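> Here's a sequence, model it:
(2 chains)
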Protein chains: 2
Amino acid sequence: MDSVLDDLIADLPNGTVVTDPDIVASYRQDRAADPNAGTAMAVVRPRRTEEVQAVMRWATAHGLPVVPRGAGTGLSGGATALDGGIVLTTERMRDITVDPVTRTAVTQPGLFNAEVKKAVAEYGLWYPPDPSSFEICSIGGNIATNAGGLCCVKYGVTTDYVLGLQVVLADGTAVRLGGPRLKDVAGLSLTKLFVGSEGSLGIITEVTLKLLPTQHRGCTVVASFADVQAAADAVVTITGKIRPSMLEFMDAVAINAVEDKLKMGLDRKAAAMMVASSDDRGPAGSEDAAFMAQVFTDAGATEVFSTSDPDEGEAFVAARRFAIPAVEAKGSLLLEDVGVPLPALADLVSGVEKIAEQHALMISVIAHAGDGNTHPLIVFDSSDHAEADRAQTAFGEIMDLAVGLGGTITGEHGVGRLKRPWLESYLGPEAMELNHRIKKALDPDNILNPGAAI
Amino acid sequence: MDSVLDDLIADLPNGTVVTDPDIVASYRQDRAADPNAGTAMAVVRPRRTEEVQAVMRWATAHGLPVVPRGAGTGLSGGATALDGGIVLTTERMRDITVDPVTRTAVTQPGLFNAEVKKAVAEYGLWYPPDPSSFEICSIGGNIATNAGGLCCVKYGVTTDYVLGLQVVLADGTAVRLGGPRLKDVAGLSLTKLFVGSEGSLGIITEVTLKLLPTQHRGCTVVASFADVQAAADAVVTITGKIRPSMLEFMDAVAINAVEDKLKMGLDRKAAAMMVASSDDRGPAGSEDAAFMAQVFTDAGATEVFSTSDPDEGEAFVAARRFAIPAVEAKGSLLLEDVGVPLPALADLVSGVEKIAEQHALMISVIAHAGDGNTHPLIVFDSSDHAEADRAQTAFGEIMDLAVGLGGTITGEHGVGRLKRPWLESYLGPEAMELNHRIKKALDPDNILNPGAAI
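Numbering: from 1, shown residues only, chains lettered A, B, ... in the order given. A predicted model of the protein is given here:
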C-alpha cells in the first residue's frame, strides 16, 4: 500500500499525511467509540481547499474511502475510521474572517464552535447554535450534522445560519454554493442539502455564516417537579404561548449526578427539573420569565426559582450542560438523541424507564424539551460484555420507542454508523431510495464516508 | 393526441381533466406573463395525492411535460405552460388540519398563504412568511419558490417553517419527507432540497408547517430621506444592533405612486421612505422603535414618525404593500427580485436609476431592505414593442448589476423561465453541473417543469 500513499504524500505539503501508528490509532473513533471502528492507512491534515481537492482526486483515482472528521466529538460514529481508507481531518483549517457590516463570517471548518462565537462577539455579533459540546466541537462538524443545542428552541439549528459553503466533491471538484446574501433562491437549495449530510456528499472546506446582533440579556427560571408528566405539560403550555430561548429538562438521575459533583443544592428528590430562559418580552425577558414561573407553579412544580442575574442564571444552565459529564462519571455512555412531538415527552421518559428496568441499566434522560429532542444517556460498564450488549439493545429499543411515539431516531447528532441500521425503517423505502439516488448522483463510487449517514 | 388524454381522463375523477380551450388558455401564464408561453393540451386539477400520482405515471409513460402550478401568482414564469404538455394545478387541494399542541399544521398545497394564516390564528398560532401577495398566492407555490416577504428579516423565509413534505416524483412515486418533529436529522435534508425547487424535482402534495405562538404587538417607525444613501446607511446600523421585524424601503417613484392612490400625506419630495417595525425590546417593541427612530434621525431623515397604535402602523405597512399595484397602475410591469449584500443597497438603487435613464424607462425600487432583497419595478407600455424590448434589456442589466455588486439574480421569486438565461453565469459551471446532476437523478426524463428553474 505504501506506493499508493506515496502519490498522495508527493502531492501535499510536508507533514500533511500522517502514518505514525499511534497517531493514526487516535483517529479511529469519535466520541461514539464505535466498537467496529477500523484503522485508516493514514490521517490527512490539509490546510487549504486545494489540498482537499488533491486528496479527493487521489482517493477517486485509487477508489479508496475517505472519512471526513472535524473535532471528533460526534456521537453517532460519523467519523469512524475504515480499514484501508484515510481519515481527512479539518483540524488545521482554522481561518476566519468576520464582516460586521454584512453580519457574516467566512470560516474554515476546523474552528471550534466556541471560537467562532468568540471571534464574532468581538464585533458585537452572535452565532447562536450552541451544542452542549460547543467548547470542543468544530463548526465544520456542526454543519455536517446540522447540530442543534440549547438555544435552538427559539433561534433555530445550524442550517438556519449557513448562507454558503464551499465543498469538495468526491472527484475533487470544488464548488461554491450560496454566499453572503441573506436571501438567495437561484438554483436548487444545495447549501441546505450539504448541511447534515455527514460527509457523505462532499467535504466542507469553507462556510459563510449568518450572524445576529448580540443576544439580549435574559431571565432564567428553574423548577422542580415530583412527576415528569407535570413538567412535560408545562412545556406544551409554554411553547404554545411564548418563545423561550431555552427550555431544558433533566430527570432524577441527571439531577442527582450533577448534584453529586456540583453540590449546588438541587432537589435530589425531584423527578424532573426544568431550566428555562427568555430574552423576549419585558425587561430582560422578565415578563416571559414570570409567565413561565406561573405555568410551572400551576403545573404543580414543587419549587420554582427565577433570576434576572445573568451569573446566577448561567450557573443553572451550566448545571444542565454538566449533566452529560456528570452521568458519564458513573460509567461508559451510549448517548441517545431521539426526538418526539412535544406531547409525547412524558411517554418517552416513562418508556425509557421501563427499558432501563428491563435491562437492569441506569438510563438518565435529559432533553431540549422545547424541541422534543431528548438525550437518554445509557450508562454501562464497558468491561462487562453482557452489560455492554444490554446497553446496545436498549439503544435500539429507545429508537423504536421514539419512532412508535411519532418521533425520530436522531434529532441533532446524526445517523453516523451507529444509527444506520434503524434509518431505512424510519424513513421508509421511498425516502431511503431517494437518499440513495442523491448519494449516487454525487458520489458514484461511494468513497465519501461509505456506510455512514445513509 | 386525444387518445393520449383519454388514458388520463379514464384514470381520474370526472372534471379533473379540463380541455376547454378558454380555460386552458387562462392557464398559459402566471403573473410573469411570459411572452413565450405555450398552450397545454389540458389543465389537470387533482384533489388528492393519489390523483397526482396517476398524472405523473401517465406523463412518464407518454414522456410528456408537466408544469405544476399553484395560484399562478409567480413572478418568474415558473408556471408558464408548454405546448403539448399539461398544467397540473393544485388549486383544488385545499384541506388543512391544525394541531395546536404540536404547533404544526398539515395542509394541502392549494390554500392561499392568507388562508393558512387565518386557519392557524384560530388556535392562537402564527405562520410568519408573508409575501406581498399573501392574500392571493398559494402555500404550495410559496414552498416551491421558498417565498420570502416582509417579516423575513426577523422571522426567516418559507423553508424555515417547512418541517415535512409529501412529494410525488416524476415516475409517480409518493414520498414522505420529514414530519411533525421540530428537529430531525435522519437522512439527507431532502425536505429542504424540495423547498425552492420550483416544481422541477417533484410535486408537493402535502406540507407540514411549523407554527409560532401569535406574534407580539409591535411598534412602527416611518422615516423619509432626501437621499437613498442615508436610508441605506440606517439599514446597516439598525441590523447590526437589533432585530427589526420589518425594514422596508420605497423610492421616490413608489412613494408618489402610492400617494397618487392612497392620498395619505406621504412626502412626495422624499428620495426614500423607510417603514420599520419591531416586536422585540421594550413594551410592544418600543425600545427598539425608539432606537430605530434615533438612527433614522442621525442618518439625516427629513421626517420621522413612530406609532405604537397597530392600526396606524398597519396603514404604513399597507402603503408599502400597495406599492406594487400602485406602480402597476402606470403600465405593464416587469418585476425584478435581485438581492445584494446590505452595504450595496444604495449602489444598487443608483445603478438601477442609470439603467432607467439609459433606456428611457420608469423603474421604481422597493426593497425588503433588511435582507438586501430589492424589487426594481420596470414599467413599460406592452403595446409599444420597442419599449417592451428595452424593458427586457433593463431586466437583464439589473441582474448583471446585482451580481456585479456581489448579489443574486433572485432573492425570493425564483428563477422560473424568465431568469434562467442568467442562472449559469451566476452559479458558475460547477454549481450548475451539480444542479443538473440532482435534477437528472430525480427526473431522468426531464418531464417536470422542463426549462424552468434549472
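> who's in contact with residue A:411?
For residue A:411, the residues meeting the contact criterion (C-beta atoms under 8 Å, 6 or more residues apart in numbering or on different chains) are A:148, A:337-339, A:368, A:371-374, B:181, B:183-185. Where you see a C-beta, it was placed from the backbone N, CA and C, and this is true even at glycine.
> how about the residues of the stretch 351-454 of chain A near chain B?
With C-beta under 8 Å from any C-beta of the partner chain as the criterion, the stretch 351-454 of chain A meets chain B at residues A:368, A:371-373, A:406-415, A:419, A:423, A:426-428, A:430-432, A:434-435, A:437-442, A:453-454.
> which ones among the contacts of residue A:411 are found in strands?
With DSSP state E as the criterion, strands contain A:368, A:373-374 from among the contacts of residue A:411.
> Can you tell me which of these has the most neighbours?
The residue in those with the most neighbours, by other C-beta atoms under 10 Å in any protein chain shown, is residue A:373 (29 neighbours).
> Now the lowest-mean-pLDDT helix or strand in chain A: buried residues?
The helix or strand of chain A with the lowest confidence, counting by mean pLDDT, DSSP states H and E, is helix A:2-11 at a mean of 90. Neighbour-count burial for helix A:2-11, counted by 16 or more other C-beta atoms under 10 Å in any protein chain shown, picks out A:5, A:8-9.
> ok, now stretch A:326-345?
Of the residues in stretch A:326-345, A:326-327, A:330-345 count as buried by neighbour count, 16+ other C-beta under 10 Å.
> just stretch A:272-289 next, same as before
Of the residues in stretch A:272-289, those with enough neighbours to count as buried (16+ other C-beta under 10 Å) are A:272-282, A:284-289.
> Over to stretch A:27-42?
Neighbour-count burial for stretch A:27-42 flags A:27-34, A:37-38, A:40-42 (criterion: 16+ other C-beta under 10 Å).
> Those into TSV, with extra columns for distance to residue B:114?
TSV is the format used below for the buried residues of stretch A:27-42 (distance: C-beta to C-beta, whole Å):
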residue	distance to residue B:114
A:27	54
A:28	56
A:29	53
A:30	48
A:31	47
A:32	47
A:33	52
A:34	50
A:37	54
A:38	56
A:40	56
A:41	60
A:42	59
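> which one among these gets closest to chain B?
Checking these against chain B with C-beta to the nearest C-beta, the nearest one is residue A:32 at 14.7 Å.
> need the strands for the stretch 51-200 of chain A, in chain order.
Counting by DSSP state E, counting those that start in this stretch, one finds strands in the stretch 51-200 of chain A at the ranges A:66-69, A:86-89, A:96-99, A:104-107, A:125-126, A:162-168, A:174-178.
> Could you do the stretch 251-400 of chain A as well?
Listed in chain order, the strands found in the stretch 251-400 of chain A under DSSP E, counting those that start in this stretch are A:272-278, A:303-307, A:332-335, A:362-368, A:373-380.
> Quick one: low-confidence residue ranges for chain A.
Judged against pLDDT under 70, the low-scoring parts of chain A cover residues A:1-2.
> quick one, domains of it?
According to automatic domain parsing, chain A comprises the domains A:96-213, A:219-324, A:329-412.
> ok, and the closest non-adjacent residue to residue A:441?
The shortest distance from residue A:441 to any non-neighbouring residue, by C-beta to C-beta, 6 or more residues apart in numbering or on different chains, is to residue B:441 (3.7 Å).
> returning to that earlier point: mind putting the buried residues of helix A:2-11 in a markdown table, distance to chain B included?
Below are these laid out as a markdown table (distance: C-beta to the nearest C-beta, whole Å):
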| residue | distance to chain B |
| --- | --- |
| A:5 | 28 |
| A:8 | 23 |
| A:9 | 27 |
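> Let me know whether my guess that the residue nearest to residue A:441 is in a helix holds.
Yes: when DSSP: H, G, I helix; E, B strand; the rest coil is applied, residue B:441 is found to be in a helix.
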